[in-house]
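**Q** sequence? don't have it. structure:
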């Protein structure tokens with residue numbers, strides 16, 4: 001039971017970090033984060049990559065939801081995107097918890 005609690009805590013930590021990173025990016029740039037890095041400067045592209053490391057799950061879920069609504073994709077597409085976003089959140093949550101617990 002303890003292992004499942006740790007798993008869900010890591011996933012929740014990853015989703016919270018993704019939401020906070022995505023919201024902060026949108027606050028600063030006034031556009032949502034995207035996998036299309038169209039910044040003119042090299043520094044802007046590097047910052048975009050570091051942002052996407054943690055905001056990736058929200059980008060995946062937003063794109064999957066838009067594809068479901070506007071393009072009428074099959075429900076399996078949304079399920080697969082949710083699984084990928086959950087695994088990404090788990091990995092970023094484990095990383096963040098490891099950093100926080102070692103400090």
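**A** On my side now, so go ahead. The structure presented is a predicted model; accordingly, all values stated were derived computationally and were not measured. Numbers count the residues shown, from 1 in each chain.

**Q** Assign residue 40 to helix, strand or coil.
**A** Reduced to three states with DSSP: H, G, I helix; E, B strand; the rest coil, the structure at residue 40 is coil.

**Q** Kindly tell me how buried it is, as a neighbour count.
**A** 7 (other CB atoms under 10 Å). The way it works is simple: take the backbone N, C-alpha and C, and place the C-beta from them, glycine included.

**Q** Please name every helix or strand in contact with the helix or strand bottoming out on mean pLDDT in the chain.
**A** In the chain, no helix or strand scores lower on mean pLDDT, DSSP states H and E than helix 42-70, which sits at a mean of 90. On a contact count with 3 or more CB pairs under 8 Å, 6 or more residues apart in numbering; DSSP states H and E, helix 42-70 meets helix 2-29, helix 75-102.

**Q** Would you mind giving those as a markdown table with mean neighbour count and mean pLDDT added?
**A** Formatted as a markdown table, the helices and strands packed on helix 42-70 follow (neighbours: other CB atoms under 10 Å; pLDDT from 0 to 100):
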| stretch | mean neighbour count | mean pLDDT |
| --- | --- | --- |
| helix 2-29 | 15 | 93 |
| helix 75-102 | 15 | 95 |
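
**Q** Turn those helices into JSON lines, including distance to residue 66.
**A** Listed next are the helices and strands packed on helix 42-70 as JSON lines, based on distance: least, CB to CB, whole Å:
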{"stretch": "helix 2-29", "distance to residue 66": "15"}
{"stretch": "helix 75-102", "distance to residue 66": "11"}
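
**Q** out of those helices, nearest to residue 48?
**A** With CB to CB as the measure, helix 2-29 is the member of those nearest residue 48 (8.4 Å).

**Q** Can you pull out the residues in contact with stretch 26-43?
**A** With CB atoms under 8 Å, 6 or more residues apart in numbering as the test, stretch 26-43 has contacts from 21-22, 25, 44-45, 47-49, 51-52, 55, 58-59, 62.
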